[in-house]
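**Q** Test case, fold it:
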Amino acid sequence: MALRLLGHIELPAHRADGGFDHADIHPPTDRLYVAHTINDSLDVIDCAHDRYVESMPGLAAVAGALASEARGLVFTTNRGENTVSVFAPGAERDAFKIAVGVKPNGVAFDPGRGILIAANVGDPAIPDSCSVSVVDIGRRERIAEIKVPGRTRWAIYDAALETFFVNIMSPARIVAIGTRNPTRIARELEVPAEGPHGLDLDAASGRLLCACDAGVLLAIDAASGRVLADVALSSTPDVIFLHPQTGHLYVAIGDPGVIDVIDIGTMRRKEVVPTERGAHTLALDRKRSKIYAFLPQSHRAAVFVDGA
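**A** Numbering: from 1, shown residues only. Below you'll find the model as predicted:
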């Protein structure tokens, strides 16, 4: 077994039916930030001691969280108010917000240029509201709005190609936006499986790792768009994280509530680890090889360590 359960961290109770969404870790401060969507807040965990620290309120329907070690910043997407938030770890109360498109969810950042994108899921009642907002963090303003062909999912930044990649649910594809001209779609990669959802990058091989609603993980060459390999998953996936040092990809699957551990070297499923029904999101502490699975029914984080 690769993953071993270390214990649980109690988090604030839900204020209504719902739960958690995306999470990320700022390694220098060992602060883990998880979107507690139903509470309109960001819960903070101390990864060094595996304890709950505090919650950052006032983030309406917060959905995405992303930390930039290079810039010492954390970003959130706030679906309930069509904004992104920006703050430094430890100075959460000094956060500022920038208006973006309709219902922002996925988020990615180019630290060299200080360009952030928010992938907006849109609203069926609002025409052309599926879009990607491009934000200049230094200027604290949105500089472009790019229409995309369908509902967005997650987004990542590929530094080698200087490109943002954004999953589109339907039609199934990944859109690429170059950071040198972040005002348009540079190209589209067709995905031969229903519902591209979780997305990560294997920088060493230049592969996009795309987990699809069809219950399959695809390895796609980021430069050419060619599908290189695939592996079956336990069920419909959501959040994924790659640990480059171990070569393990962790796939959160809410129903029935498991983590699929994928060896990206062999592109085979190594094990299936139970979590809790509805646990569709996780975070990865690469320094300590720890995985945090967020459990909506018991409002806790399950902490695992990967013994590789």
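
**Q** Surely Ile25 touches Arg31?
**A** Yes - with contact defined as Cβ atoms under 8 Å, Ile25 reaches Arg31; the gap is 7.1 Å. C-betas here are computed from N, CA, C, even on glycine.

**Q** residues shared between the contacts of these two?
**A** Jointly contacting Ile25 and Arg31 under the rule Cβ atoms under 8 Å, 6 or more residues apart in numbering are Cys47.

**Q** Counting neighbours, go ahead and name the busier of the two.
**A** Using other Cβ atoms under 10 Å as the criterion, Ile25 and Arg31 rank with Ile25 on top: 26 against 21.

**Q** Please report how far the more buried one lies from Lys290.
**A** To Lys290, Ile25 is 9 Å away according to Cβ to Cβ, to the nearest Å.

**Q** Ile291 - that's part of a strand, no?
**A** Yes - assessed by DSSP: H, G, I helix; E, B strand; the rest coil, Ile291 belongs to a strand.

**Q** any common contacting residues for Ile25 and Lys290?
**A** Joint contacts of Ile25 and Lys290 (Cβ under 8 Å, 6+ apart) are Cys47, Leu284.

**Q** Now the helix or strand hosting Arg4: buried residues?
**A** Per DSSP states H and E, Arg4 falls inside strand 3-10. Buried residues in strand 3-10, counted by 16 or more other Cβ atoms under 10 Å: Leu3, Ile9.

**Q** What is the distance between it and the centre of its chain?
**A** The chain centroid and the centroid of strand 3-10 are separated by 21 Å under Cα atoms, centre = their mean, to the nearest Å.

**Q** Quick one: the strands in the stretch 201-308 of the chain, in order.
**A** Per DSSP state E, counting those that start in this stretch, the stretch 201-308 of the chain carries strands over the ranges 207-212, 216-221, 227-232, 240-243, 248-253, 258-263, 268-274, 282-285, 290-295, 300-306.

**Q** Select, out of those, the one closest to Arg151.
**A** Closest approach to Arg151 among those (Cβ to Cβ): strand 207-212, 13.8 Å.

**Q** Specify the angle between that closest one and strand 248-253 in degrees.
**A** Interaxial angle of strand 207-212 relative to strand 248-253 (axes from the mean of the first three to the mean of the last three Cα atoms, to 10 degrees): 20 degrees.

**Q** What mean pLDDT does strand 207-212 get?
**A** For strand 207-212, mean pLDDT rounds to 98.
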